[in-house]
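**Q** got a structure for you, letters missing:
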C-alpha cells in the first residue's frame, strides 16, 4: 500500500491527533465520565448495553456518554464517520473510561492520557475467526504499510474474554500482554441466566409472532464474508424452499438473522411469514437465541453463546477452504464445532428430521469456553473496571 492509497487515513489520523492534543491543553479528564463507543450500531446493544445498564442501575455517580455511529462505506457515509470521529476524539480526551466492543479507529491514533482507560469488550465470545494482528498477510487483514501508521488495537488498558483458554489468541490479535486480558465472561450472555428476561422475551416474541407459539424454532444466523463494511447482497447457500417443503409439516419454522454488516438478498427480502421469517430489528440476537430450539450457523461465534443453553447446533458451510485462505481460524474448524457440518440442504433437513444431535458435545464445548456460567459476568467486569 503506497502513500497515495494511505493519504485519506493519514489525513484523518493527524486531524484526530491535533484535535486530541488541543482538547487536552484546555480540558481535564473527568473522573466520573464513561463513554461507550462503537461503529457497529447506532444504539447500545450486546456487551456495551449490559455494562451500561449495570453502571446506570448501581453506580449513579458516573456520567455516561455515547459515541455510536454505524459505518457506511459510501462517500457520504465515510464523511459522516469522519465527523463522528471528531466528536469521539472529544470524548476520548475527557473520559476516565472509554469502552468499546470492536475495532475503533480514533483509539489507535493517539497517545492516551494517563488518567484514561480504554476498555475492550470484544463483541465475540470464545475464539474462532482470526482478526487483528493474526490476519496480517491475509486478504482480510491489515497490510504492513497500514500498521506502520495505525497501530490497530493499541492503547487497551484491559480486555475481557469468556475463558482463560482463549487469552493467547486475543493477546496475539491485539498485540498486547496476556496480563491485560481477563476471563471474566461475556456480559450479554447474562441474559440467559435471567428468568425475568426470558419471560419478557417470550411474551414480546409471541406478541409479535403469535403463529409461532407452538412451532419449533430453527434460527439461521450466518456471518459475513469479505471486508467488514463492504458487503454484496447475501444469498444463502441453503435452499429455503427445500427446507420449507421438508420441515414445515413437522411443526418447524425458520427464523433468519443476518450479521449487522450483511445486506439481505432476493431470497430474504419481504420474507416474514408462514415458514420463513427474516427478523432484522424487532429482536436482537440474544433474544432470538432464547427462543431458538435449533441453531444453524457457519463461522459466526454466535454458537459459543448458544452453547450455554445446551441446545442443538448444526453447521452449514460450503466455502471452508476459501475462508481459511482469506481469514483462517484459531482452531481446526471441523474439530472444534460442537455439532454436525453439512454443505447440502437435503443433508441438513435430514439431520433435523431425525434429531441426530449430541448435546453432550455441546456441554463439553460450553465448559471449555466459559470459565463462569453464573449470569454475573457484567457485575464482575464493572466491579473490576471501577475498582469497587
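**A** Sure, I can see it. Just so you know, these numbers come straight off a predicted model, no measurement behind them.

**Q** Could you break this protein into its assigned domains?
**A** Following automatic domain parsing, the chain resolves into domains at 3-186+375-385, 192-369.

**Q** Tell me where the stretch 101-250 of the chain is predicted with low confidence.
**A** Residue ranges of the stretch 101-250 of the chain with pLDDT under 70: 226-233.

**Q** Spell out the residue ranges of the strands in it.
**A** Ranges of strands within the stretch 101-250 of the chain are 117-120, 156-160, 181-182, 216-220, 233-234, based on DSSP state E, counting those that start in this stretch.

**Q** In its sheet, which strands sit next to the first one, and in what direction?
**A** Paired neighbours of strand 117-120 in the sheet (DSSP bridges): strand 95-100 (parallel), strand 156-160 (parallel).

**Q** pretty sure residue 351 contacts residue 342?
**A** Yes. Using C-beta atoms under 8 Å, residue 351 makes contact with residue 342 at a distance of 6.8 Å. C-beta coordinates here come from the backbone N, C-alpha and C atoms, glycine included.

**Q** so what sits against both of these two?
**A** Common neighbours of residue 351 and residue 342 (criterion: C-beta atoms under 8 Å, 6 or more residues apart in numbering): residue 314.

**Q** quick one: residue 198 and residue 191, what's the gap?
**A** In this view, residue 198 and residue 191 are 8 Å apart by C-beta to C-beta, to the nearest Å.

**Q** Compare those two (neighbour count), which wins?
**A** residue 191 (22 against 15; other C-beta atoms under 10 Å).

**Q** right, and that one touches residue 290 too?
**A** Yes. At 7.3 Å, residue 191 and residue 290 qualify as touching, with contact defined as C-beta under 8 Å.

**Q** who touches both of those two?
**A** 197-198.

**Q** if we can go back for a sec, determine which of the strands of the stretch 101-250 of the chain approaches residue 208 most closely.
**A** When the strands of the stretch 101-250 of the chain are compared by C-beta to C-beta, strand 216-220 sits nearest residue 208, at 12.9 Å.

**Q** Go through stretch 37-57 and flag the buried ones.
**A** By neighbour count on 16 or more other C-beta atoms under 10 Å, the buried set for stretch 37-57 is 37-41, 44-52, 54-55.

**Q** my bad, should have said stretch 108-123
**A** The neighbour-count check on stretch 108-123 (16+ other C-beta under 10 Å) flags 108-110, 112-113, 116-123 as buried.

**Q** Regarding that stretch, how distant is the last residue from the first?
**A** 18 Å (C-alpha to C-alpha, to the nearest Å).

**Q** now stretch 113-127
**A** End to end - C-alpha to C-alpha - stretch 113-127 spans 31 Å.

**Q** so where do the helices sit in the stretch 1-150 of the chain?
**A** Applying DSSP state H, counting those that start in this stretch to the stretch 1-150 of the chain gives helices spanning 3-26, 46-58, 75-94, 144-149.

**Q** Deepest-packed of those, please.
**A** Of the helices of the stretch 1-150 of the chain, the one with the most neighbours on average (mean count of other C-beta atoms under 10 Å) is helix 46-58, at a mean of 20.

**Q** now what about that one, what contacts it?
**A** By C-beta under 8 Å, 6+ apart, the residues outside helix 46-58 that reach it are 34, 36, 38, 44, 62, 64, 99-101, 121-123, 186-188, 190-191, 284, 286, 378-379, 381-382, 385-386.

**Q** For the residue nearest the centre of the chain, which residues are in contact?
**A** Nearest to the mean C-alpha position of the chain, by C-alpha atoms, centre = their mean, lies residue 123 at 3.4 Å. If a contact means C-beta under 8 Å, 6+ apart, then residue 123 has 40, 46-47, 101-102 as its contacts.

**Q** Touching both of residue 198 and residue 191, which residues are there?
**A** Residues touching both residue 198 and residue 191 (C-beta under 8 Å, 6+ apart): residue 290.
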